[in-house]
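[1] coordinates only, sequence not included:
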């Protein structure tokens, strides 16, 4: 919902709110297009040693905020696709504890720019998951030896 700022006419706020709601189906179709584009870029160009394959998330995972699942040597890596940096920040803020990387894809980006962005984000997520797992193992070993 759009916020109304002081001094802004009520009619203006209502007009933008209505326009925002009416583009729902168009926005969903655009989102599916961006997901398909990112999936294509990953499948064709992404080459990491730990990469196995990528696929669209099934409905259950999609409802929990996952658009693409990248299978890796350490298990699945989850990707959420957003069309704007603002939407990506909002999603990341709301889902801070989730291990889902957010990638911005829109018409302005070339496939190479999308590839660089997704490579960086997936490598960061991969390293983060490895670090968390190593930390757990060290804690278990320390508690067993004591």
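    Looks like it arrived, so ask away. What you see is a predicted model, and the numbers here were worked out from it, not measured in a lab.
[2] quick one: pLDDT of residue 101?
    We have a pLDDT of 93 for residue 101.
[3] what residues are up against it?
    77-80, 121-122, 124-125 (CB atoms under 8 Å, 6 or more residues apart in numbering). Every residue, glycine included, has its C-beta placed from N, CA and C.
[4] if you set the cut-off to 6 Å instead, what comes out?
    Residue 101 sits next to 79, 121, 125 when contact means CB atoms under 6 Å, 6 or more residues apart in numbering.
[5] Enumerate the positions of the longest strand along the chain that are buried.
    Identified as the longest strand of the chain according to DSSP state E is strand 75-82. By neighbour count with 16 or more other CB atoms under 10 Å, strand 75-82 contains the buried residues 76-82.
[6] mind checking how far the closest residue to residue 83 other than its chain neighbours is from residue 40?
    In this structure, residue 83 finds its nearest non-sequential neighbour in residue 106, 4.9 Å apart by CB to CB, 6 or more residues apart in numbering. Using CB to CB, to the nearest Å, residue 106 is found at 15 Å from residue 40.
[7] Show me which positions of stretch 95-114 end up buried.
    100-105, 109, 114.
[8] when you check those against the strands, which ones overlap?
    Using DSSP E, these in strands are 100-104.
[9] Might you report the residue contacts of residue 71?
    Contacts of residue 71 by CB under 6 Å, 6+ apart are 52-53.
[10] Return the backbone torsion pair for it.
    phi -80, psi 130 (degrees, to the nearest 10).
[11] what's the spacing between it and residue 118?
    Distance from residue 71 to residue 118, by CB to CB: 15 Å.
[12] With residue 44 instead?
    12 Å.
[13] neighbour count winner among these two?
    Ranked by neighbour count (other CB atoms under 10 Å), residue 44 and residue 118 place residue 118 first, with 24 against 10.
[14] so where's the chain uncertain?
    Within the chain, the ranges that satisfy pLDDT under 70 run 1-23, 137-146.
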